[in-house]
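Asks: Structure for this input, please:
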Amino acid sequence: MSRIGRLPIAVPAGVTVEIAENNKVTVKGPKGTLERVLPEEMTIKLEDNQVVVTRPNDLKKMKSLHGLTRTLINNMVIGVVDGYQKVLEVNGVGYRCAKQGNKLVLNLGYSHPVEMEDPAGLEVVVEGQNKIIVKGIDKEKVGQYAAEIRTKRPPEPYKGKGIKYEDEVIRRKVGKTGKK
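Replies: Reported below is the predicted structural model:
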């Protein structure tokens, strides 16, 4: 049996979980509300402040959906209670970022500044000139927007210039050596 899917999800105080038909799960908490339609094959029940996910049979597809469904609900609960955040760092001479209203302006060595508009439901904070923090209650949206920012100038292996995640380690390469 799925080790992750078998675990019950504890619903903290101040959080309400509603399960409608077609497995539409709505989670309301102090930070906001999240909705998601989950696979219909899974049985989702709310039993004394715990959400339990069960699967109909042991087919490979059902096993994989079991753990996924449980994790998605858990991420929604954590999101409405604590929220999620991703921290990005901009490294490189002359590379900087700034916030103008609801736009993120990145100077990344191109002939023009790159402007990105903040998606709804996400908050983008710039600390100093080289730290970007993406915050929100939906883990998927936070990760997706952080990845989109990173693609504007991914880190390169020779000097380490570019946009990287705070905890990302860049494998460095040795540059060219001249003739003797």
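
Asks: Excluding sequence neighbours, find me the nearest residue to Pro155.
Replies: Gly162 (3.7 Å; C-beta to C-beta, 6 or more residues apart in numbering). C-beta coordinates here come from the backbone N, C-alpha and C atoms, glycine included.

Asks: any idea how far Tyr95 is from Lys152?
Replies: Tyr95 sits 10 Å away from Lys152, taking C-beta to C-beta, to the nearest Å as the criterion.

Asks: any common contacting residues for the two?
Replies: With contacts taken as C-beta atoms under 8 Å, 6 or more residues apart in numbering, the residues that reach both Tyr95 and Lys152 are 106, 108.

Asks: most centrally placed residue in the chain?
Replies: The C-alpha lying nearest the average C-alpha coordinate of the chain belongs to Gly143 (C-alpha atoms, centre = their mean; 2.9 Å).

Asks: sorry, back to before: run through the residues that contact the residue nearest to Pro155.
Replies: Contact criterion C-beta under 8 Å, 6+ apart gives 90-92, 95, 108, 153-156 as the residues in contact with Gly162.

Asks: same check, this time on Ala146
Replies: For Ala146, the set of contacting residues under the criterion of C-beta under 8 Å, 6+ apart consists of 86, 88, 134, 165.

Asks: what about the nearest residue to the last one once chain neighbours are set aside, which helix or strand?
Replies: With C-beta to C-beta, 6+ apart as the criterion, Tyr165 has its nearest non-adjacent residue at 6.0 Å, and that residue is Leu88. Secondary structure from DSSP states H and E places Leu88 in strand 84-91.

Asks: After that strand, which helix or strand is next?
Replies: Downstream of strand 84-91, the first helix or strand assigned by DSSP H and E is strand 96-100.

Asks: if we can go back for a sec, what's the neighbour count on the residue nearest to Tyr165?
Replies: The local packing count at Leu88 equals 20, with neighbours defined by other C-beta atoms under 10 Å.

Asks: report the longest helix in this protein, please.
Replies: Scanning the chain for the helix with the most residues, using DSSP state H, yields helix 60-81.

Asks: Just among the contacts of Ala146, which is most surrounded?
Replies: Neighbour counts for these were taken using other C-beta under 10 Å; the highest belongs to Val134, which has 25 neighbours.

Asks: Doesn't it belong to a strand?
Replies: Yes: when the secondary structure is assigned by DSSP: H, G, I helix; E, B strand; the rest coil, Val134 falls within a strand.

Asks: Begin at 46 from now on, thanks
Replies: Okay, residue one is now 46; in that scheme the one you just asked about reads as Val179.

Asks: low pLDDT regions in this protein?
Replies: Flagging of the chain using pLDDT under 70 yields the residue ranges 46-47, 225.

Asks: can you pull out the strands in it?
Replies: Applying DSSP state E to the chain gives strands spanning 54-55, 61-65, 69-74, 77-82, 88-92, 95-99, 129-136, 141-145, 148-152, 159-162, 167-172, 176-181, 207-210.
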